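1. My questions concern the predicted model and sequence given below.
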Amino acid sequence: MGGGEAMVEAVTFWADRRHAVQLVARLAEVLSRHDLRPADIDQIYVSIGPGSFTGLRVGITVARTLAQLLPDAACVAVPTIEAVAENARDLEFEHLGVVMDAKEGTVYAGVFVRREGQITPAGEPALKPADAFAAECPKPIRLIGEALGYQKIIGGGIAIGDESLWLPRPEGLWRVGRATARSSRFTSYKDILPLYLRKPEAVRLWELPGRRKKSKF
């Protein structure tokens, strides 16, 4: 939760199977602790992925619902890869690579540089084989991101950042959201959609050759 140019509180919690209920309850608690009402919310920043199907779906649904209930609140859709890149704020690097696991030897990867003190994308993130990214990325480069826990990405000029920097944090989401809001790049709540790297497993299994059968009546 941000107040002006500073984040005043970050809340983490274990939601298990009641994600939406827990998220709304925690939001109400934070507002109460700071003597605020829902009507005091004027901006909503939400991570759009990539990420888990359930987490993205619930987070975006809650953000869209809030925006509908608070018509004066402006929304910012934050790519999760940019939020992860903010973890490297205190690192020295010429190029920063954020790699997110897309399964089957593939990563969703983006390259970042530091410009005027800000971590900025050097291009559009892309889905590609892990070894292709390792071969093509600019060097030297420092890598962070949860794909490093699942796939080997090695090569000359590649350094791996500490594991504590691999996952998105509330602070990173807030910083990217705030910078985007300062430049007035808002998104209508109707246009906030999750960024999925793959179709849900049930859909992929259904689409496998020979799995679909014609219904008989």
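-> That came through, no problem.
2. can you list the domains in the protein?
-> Split into domains by automatic domain parsing, the chain comes to 2-80+168-198, 82-165.
3. check contacts around E94.
-> Counting by CB atoms under 8 Å, 6 or more residues apart in numbering, E94 touches 113, 138, 140-141. For glycine as for every other residue, the C-beta is placed from the backbone atoms N, C-alpha and C.
4. Return the set of buried residues in the longest helix seen in the chain.
-> The longest helix of the chain (DSSP state H) is helix 53-69. Neighbour counts using 16 or more other CB atoms under 10 Å place 55-64, 66-67 of helix 53-69 among the buried residues.
5. Which residues does it contact?
-> By CB under 8 Å, 6+ apart, the residues outside helix 53-69 that reach it are 19-20, 23-24, 27, 38, 41, 44, 46-49, 73, 75, 189-190, 192-196, 200.
6. which of those residues count as buried?
-> Buried subset of the contacts of helix 53-69 (neighbour count, 16+ other CB under 10 Å): 19, 23, 27, 41, 44, 46-49, 73, 75, 189, 192, 194-195.
7. Determine which two of those residues are furthest apart.
-> Comparing all pairs in the buried ones among the contacts of helix 53-69 by CB to CB, the longest separation belongs to I41 and L195, at 23.8 Å.
8. Where do the helices of the chain begin and end?
-> 19-33, 53-69, 80-85, 130-136, 170-182, 201-206.
9. Packing partners of the fourth one?
-> Packing partners of helix 130-136 (3 or more CB pairs under 8 Å, 6 or more residues apart in numbering; DSSP states H and E): strand 96-101, strand 106-115.
10. Model confidence for the spatially closest residue to H19 that is not a sequence neighbour, exactly?
-> Spatial nearest neighbour of H19, excluding adjacent residues (CB to CB, 6 or more residues apart in numbering): V58 at 4.1 Å. We have a pLDDT of 91 for V58.
11. ditto for I192
-> For I192, the model assigns a pLDDT of 97.
12. Nearest residue to it in space, please, no chain neighbours.
-> The shortest distance from I192 to any residue other than its chain neighbours is 5.1 Å, reached at A77 (CB to CB, 6+ apart).
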